[in-house]
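J.: Sharing a model that was predicted from the sequence below.
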Amino acid sequence: MTTVAVLCDPPRPGLVLPSLVETSPLTAEEVADLYAAMLRDVARAVESSGGELLVNYRPDDALPEEFASEADADAEAELRAVVRGALKRPDEARFEVQVGETFAGRAGNTATHLLDREGVVTVAVVEPSAAFLTRSHVDNAAMKLRRSEVVLGPSSRGRVYYAGFGGTVDYADAYAPPAIETLTDRALDAGHEVDYLPMLPVIETGEDLADALTLLRARRRAGRIVPERTAATLDDLGLRVVAEDGLRLTR
């Protein structure tokens, strides 16, 4: 069983996916709603797989001051409320705080803790932006991790949507662009075999969202699996994709 850590923040406007706010017609509040929907889809995909779901979050005292809520706010309670309706067994999901100053540091601390201190055989790191992740991707990765110590899921522009580890690597700046090459190099430097999953989109910018929206609508028309909560939220947002010097989002 692979423990899949979903590294996330409470879906607060301005805190999550700021690049998507800057590069799309969506407001910060709408982006927060979309982030929450993607988190639900990713959490459900992990729960429905053979893996163990770990929601790995930044607590309020680790968030930038401008995004920390009132004194009675609780990031864990907020995230539990977000994912509860998407999970069939919400009480079985683990919630643990992230430790580290950077994303790579937090991902590395989580993976190292699970592998070295908890005796987990394999661990993976994903984010809510990997909304197209499905149970089959998680299970396929788990099978690959039986043969290779590191399994990576590539996305556009050199990014990754999945990073699985059966052994530790040097995680310092391990997600430096292009992350797919950097993580591969770190794995090879540690003497590990590396394997890869099929490419999937991530949703972090307006360009990403335009690509994802066209794929989502095409898959829906063809009767294929789509991230249902993400799709429903995008339907409510009323976005359209216009082909003008590439793809452009509009309403």
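T.: The structure has been received and is ready for your questions. Residues are numbered from 1 along each chain as shown.

J.: how about stretch 26-46: buried residues?
T.: Residues of stretch 26-46 classed as buried: 26, 28, 30-46 (neighbour count, 16 or more other CB atoms under 10 Å). The C-beta positions use only the backbone N, C-alpha and C, and glycine is treated the same way.

J.: where does the chain dip in pLDDT?
T.: 69-72 (pLDDT under 70).

J.: so where do the helices sit in it?
T.: 18-23, 28-48, 75-84, 103-112, 135-144, 179-189, 206-221, 228-237 (DSSP state H).

J.: and those as TSV, adding distance to residue 61?
T.: Converted to TSV, the helices of the chain look like this (distance: least, CB to CB, whole Å):
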stretch	distance to residue 61
helix 18-23	20
helix 28-48	20
helix 75-84	9
helix 103-112	14
helix 135-144	31
helix 179-189	28
helix 206-221	30
helix 228-237	29
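
J.: winner for burial among the ones you listed?
T.: A comparison of those by mean neighbour count, using mean count of other CB atoms under 10 Å, puts helix 28-48 on top with a mean of 23.

J.: If residue 124 is in a bridge, with which residues?
T.: Note on residue 124: beta-bridge partners residue 4, residue 164, judged by DSSP bridges.

J.: which residues sit in contact with residue 21?
T.: Taking CB atoms under 8 Å, 6 or more residues apart in numbering as the criterion, residue 21 is in contact with 14, 27, 28, 31.

J.: of all those residues, which two lie farthest apart?
T.: Farthest pair in these (CB to CB) is 14 and 27. Separation: 9.9 Å.

J.: Quick one: the contacts of residue 21 as TSV, columns for distance to residue 130 too.
T.: What follows is the contacts of residue 21, written out as TSV (distance: CB to CB, whole Å):
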residue	distance to residue 130
14	22
27	23
28	21
31	16
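
J.: Quick check: the residue nearest the centre of the chain vs residue 175, distance?
T.: Central residue of the chain (CA atoms, centre = their mean): residue 127, 1.4 Å from the mean position. Distance of residue 127 to residue 175, computed by CB to CB, to the nearest Å: 11 Å.

J.: For the residue lying closest to residue 167 once chain neighbours are set aside, give its distance to residue 40.
T.: Closest residue to residue 167 apart from its sequence neighbours, by CB to CB, 6 or more residues apart in numbering: residue 149 at 4.2 Å. Separation of residue 149 from residue 40 (CB to CB) stands at 31 Å.
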